[in-house]
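[1] Structure here, sequence nowhere to be found:
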């Protein structure tokens, strides 16, 4: 799923929309799955709302807890609750996605955002993703 978010806005609020559009094709017959087994994301996605949304859909969250959230939880003492579940060995595979982003950013037009319209920019990102997939 490729989505373009507004200029200076972070990408965290777009997570529910991305998950709603997600389709994972099956090997055999049948309609595509809409629920992945796990979601690997960086600390920006560690919000309580995101974790609750993933939990309600049965998706395992592989998201590290930011140091400020750890500090706030520990300051609350026993009322702070338990630390979030985090599989560090699974999180190490997140670099594959980050490297794909870096390959796409090597396209000068995409890195500098010369395109004025989001549709044209998204088309360039899709073209770069296809070229990366074919390589």
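    Good, I have the coordinates. Note that the coordinates shown come from a computational prediction; the quantities given were computed from them, not determined experimentally.
[2] Which secondary structure elements does the least confident helix or strand in the chain by mean pLDDT sit against?
    Lowest by mean pLDDT, DSSP states H and E among the helices and strands of the chain is helix 108-112, with a mean of 77. Applying 3 or more C-beta pairs under 8 Å, 6 or more residues apart in numbering; DSSP states H and E, one finds that helix 108-112 contacts helix 118-134. All C-beta atoms are positioned from the backbone trio N, CA, C, and that covers glycine.
[3] picking up where we left off before, contacts for the least confident helix or strand of the chain, please.
    104-105, 115, 121, 124-125, 128 (C-beta atoms under 8 Å, 6 or more residues apart in numbering).
[4] Buried residues, it. List them.
    The neighbour-count check on helix 108-112 (16 or more other C-beta atoms under 10 Å) flags residue 110 as buried.
[5] do the same with stretch 70-79
    Across stretch 70-79, burial judged by 16+ other C-beta under 10 Å covers residue 73.
[6] Equivalent analysis for stretch 1-11, please.
    By neighbour count on 16+ other C-beta under 10 Å, the buried set for stretch 1-11 is residue 4.
[7] and the residue most central in space within the chain, how far is that from residue 99?
    Nearest to the geometric centre of the chain sits residue 41, at 5.0 Å (C-alpha atoms, centre = their mean). Using C-beta to C-beta, to the nearest Å, residue 41 is found at 16 Å from residue 99.
[8] May I have the phi/psi pair for the residue nearest to residue 10 when sequence neighbours are not counted?
    The shortest distance from residue 10 to any non-neighbouring residue, by C-beta to C-beta, 6 or more residues apart in numbering, is to residue 44 (6.4 Å). For residue 44, the backbone dihedrals (degrees, to the nearest 10) come out as phi -60, psi -20.
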